[in-house]
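Participant: Quick one: sequence and predicted model below, then my questions.
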Amino acid sequence: DTAVSQTPKYLVTQMGNDKSIKCEQNLGHDTMYWYKQDSKKFLKIMFSYNNKELIINETVPNRFSPKSPDKAHLNLHINSLELGDSAVYFCASSGGTAEAFFGQGTRLTVV
Amino acid sequence: KQEVTQIPAALSVPEGENLVLNCSFTDSAIYNLQWFRQDPGKGLTSLLLIQSSQREQTSGRLNASLDKSSGRSTLYIAASQPGDSATYLCAVSGSTGNQFYFGTGTSLTVIP
């Protein structure tokens, strides 16, 4: 039973398209995150939600819009995709001990 | 702003050797520190979590220490095995525990 699951695992799309990545956690955690891993494998936070409320929004272009319909889900919608958006996007969640659990990642390739 | 550095960037050792990975951070006001492992093309697997009030944690052949005042953590791997080959990432969470700052990782290769 996967703790943090995100779909799709791979996403190939053309520049200018709009796409969404979905994330769900079954750990009962209050906090969820989106991280971006660049080509150099560096992980950087994009957004953090606590109980469906946005608490961290790190200098991310407003083409990226997270949505949390409930505390178990945090989806990421990306408008007008650009070549530079190609990366691996990770969803994560954490609870009271602030131990982070990560999903398997979504590899986004913009062509 | 918190900065996390991991040394070395890459390490290659023969099987059976004990090894130490290093992590340093600039702001000692952390909530906890977590070590992860990432296999190529895969997600992050949590190895050890050390709360800010703790000095070390152990799991099997792994031992992680934390010296918050000096901004350092080490991950000790005993009797390394080829299956330990992966990238090891250190992450510290901010004082509220709502954000994780990652290091650049150490790529470990254990040679059979």
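Facilitator: Cool, the structure landed.

Participant: can you tell if stretch A:28-36 touches chain B?
Facilitator: Yes - interface with chain B: stretch A:28-36 contributes A:Thr31, A:Tyr33, A:Tyr35 (CB under 8 Å from any CB of the partner chain). Bear in mind the C-beta positions are built from the backbone N, C-alpha and C, glycine included.

Participant: Sort out which of these are in strands and list them.
Facilitator: A:Thr31, A:Tyr33, A:Tyr35 (DSSP state E).

Participant: Going by distance to chain B, which of those residues wins?
Facilitator: Of all those, chain B sits closest to A:Thr31, with 6.1 Å by CB to the nearest CB.

Participant: what about the residue in chain A positioned nearest to chain B, neighbour count?
Facilitator: Per CB to the nearest CB, the residue of chain A with the smallest distance to chain B is A:Ala98, at 3.4 Å. By other CB atoms under 10 Å in any protein chain shown, 22 other residues sit near A:Ala98.

Participant: Check the spacing between the residue nearest to it when sequence neighbours are not counted and B:Ile7 real quick.
Facilitator: In space, not counting the residues next to it along the chain, A:Ala98 is nearest to B:Gly97; the distance is 3.4 Å by CB to CB, 6 or more residues apart in numbering or on different chains. Applying CB to CB, to the nearest Å, the value for B:Gly97 to B:Ile7 is 26 Å.

Participant: Give me the more crowded residue out of the two.
Facilitator: Using other CB under 10 Å as the criterion, B:Gly97 and B:Ile7 rank with B:Gly97 on top: 20 against 12.

Participant: Test my guess that the more buried one contacts B:Tyr31.
Facilitator: Yes - shown here, B:Gly97 and B:Tyr31 form a contact pair, counting by CB atoms under 8 Å, at 3.9 Å.
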